[in-house]
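Engineer: Sharing a model prediction with you, sequence too.
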Amino acid sequence: MAKALRAGWQVLKAGGSALDAVQASVVVMEDSPHFNAGHGAALTENAQHELDASIMDGASLAAGAVCTVRRIRNPVLAARAVLDSGQAVLLSGPAADDFAQSRGLAMVDPAYFTTQRRVDALRSLQARAATGAFVPASEAEKHGTVGAVARDMQGHLAAATSTGGFNNKPSGRVGDSPIIGAGTYAKDGVCAVSCTGQGEIFIRRVAAYDLAARISYAHQTLAAAADALVFDTLASHSIGAGLIALGASGEPVAPYNTLGMYRGWISTDGQLTVATHRALHAMGPA
């Protein structure tokens with residue numbers, strides 16, 4: 001987590017864009033086996049990987065996303081390539097893989113994404129289903145989406161999200177992470193947000209855009225809007241939900257209604273904080 005924060009901060013410190021910063025942070029998490037994105041992603045019911053990612057520029061509202069991809073080492077880079085192309089917002093499946101390859105992005109054998117942890121989780125979930133035993137899956141077994149939000153020196157906002165979905169998901173299932181307005185949204189002067197939780201509910205609630213709408217139209221503060229969305233709107237569906245967001249002036253919020261959520265932020269002067277549950281862990285300067 002700290003490595004991902006530092007990667008984004010180095011971009012911003014050098015005067016780079018918020019868009020480049022969120023991309024840099026998400027790449028670090030996609031490369032890590034500890035998150036459900038890229039290497040270490042969840043497996044479908046057919047023991048395959050189908051990865052989703054999106055990225056959005058708050059300055060222009062330009063966005064790019066890919067879903068159900070299987071060979072792109074870093075799906076967030078493919079999402080960025082879609083944004084930069086200006087030809088589409090969302091590309092899917094083999095066509096998205098081919099697009100990424102045509103843009104010179106690193107491609108891998110699908111086995112690259114597999115870790116023993118995800119194999120064991122899939123076996124456990126399928127064994128429970130086969131025996132009819134109802135044992136609720138843990139949040140770690142179900143989710144683990146990664147995301148990043150940033151504000152740069154020019155005051156521009158950006159957000160990015162990447163995920164493998166949830167373990168034992170139906171083949172072809174697409175959640176909220178690659179859906180602009182559902183799992184990811186950024187608009188200068190309002191907020192940048194990346195969400196995690198049961199994607200179907202986030203899609204139905206247009207959750208990421210709902211946060212921005214509460215601020216723009218209801219004139220709620222970022223904190224009040226985020227708390228209402230997570231603890232009232234999404235919690236009313238009895239799902240685990242969380243989000244990370246930055247306001248127009250760069251203030252961070254990270255509400256969640258589960259036992260914990262891995263999260264962190266880094267300030268303009270490089271002071272870094274990470275957290276897993278309720279306790280915060282200040283880690284000093286970057």
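Structural biologist: Yes, it's here. Numbering: from 1, shown residues only.

Engineer: Quick check: end-to-end length of stretch 236-251?
Structural biologist: 27 Å (Cα to Cα, to the nearest Å).

Engineer: for it, what is the average pLDDT?
Structural biologist: For stretch 236-251, mean pLDDT rounds to 96.

Engineer: which parts of that stretch are buried?
Structural biologist: 239, 240, 241, 242, 243, 244, 245, 246, 247, 248, 250 (16 or more other Cβ atoms under 10 Å). Every C-beta, even on glycine, is put in place using the N, C-alpha and C of the backbone.

Engineer: secondary structure class for the closest residue to residue 149 other than its chain neighbours?
Structural biologist: Using Cβ to Cβ, 6 or more residues apart in numbering and skipping the chain neighbours, the partner closest in space to residue 149 is residue 192 (4.0 Å). Three-state assignment for residue 192 (DSSP: H, G, I helix; E, B strand; the rest coil): strand.

Engineer: How many neighbouring residues does residue 192 have?
Structural biologist: 33 (other Cβ atoms under 10 Å).

Engineer: Run through the bridge partners of it.
Structural biologist: For residue 192, the beta-bridge partners under DSSP bridges are residue 186, residue 246.

Engineer: you'd agree it is up against residue 157?
Structural biologist: Yes. Taking contacts as Cβ atoms under 8 Å, residue 192 lies within contact range of residue 157: 3.9 Å.

Engineer: Overlap of the contact sets of the two?
Structural biologist: 18, 58, 149, 150, 151, 186, 246 (Cβ atoms under 8 Å, 6 or more residues apart in numbering).

Engineer: what's near enough to touch the nearest residue to residue 5 once chain neighbours are set aside?
Structural biologist: Using Cβ to Cβ, 6+ apart and skipping residues adjacent in sequence, the residue nearest residue 5 is residue 266, 4.5 Å away. Contacts for residue 266 (Cβ under 8 Å, 6+ apart) come out as 5, 6, 8, 9, 272, 273, 286.

Engineer: Now neighbour count, secondary structure and pLDDT too, for those, in CSV please.
Structural biologist: As requested, these are exported to CSV (neighbours: other Cβ atoms under 10 Å; DSSP: H, G, I helix; E, B strand; the rest coil; pLDDT from 0 to 100):
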residue, neighbour count, secondary structure, pLDDT
5, 21, helix, 97
6, 19, helix, 96
8, 26, helix, 97
9, 21, helix, 97
272, 19, strand, 94
273, 18, strand, 94
286, 16, coil, 70
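
Engineer: what about the strands in the stretch 51-200 of the chain?
Structural biologist: Under the criterion DSSP state E, counting those that start in this stretch, the stretch 51-200 of the chain carries strands at the ranges 51-57, 63-69, 90-92, 146-151, 157-163, 184-187, 191-197.

Engineer: so which of these gets nearest residue 258?
Structural biologist: strand 191-197 (8.4 Å; Cβ to Cβ).

Engineer: residue contacts, residue 78?
Structural biologist: Contacts of residue 78 by Cβ under 8 Å, 6+ apart are 53, 66, 69, 72, 91, 96, 99, 100, 103, 105.
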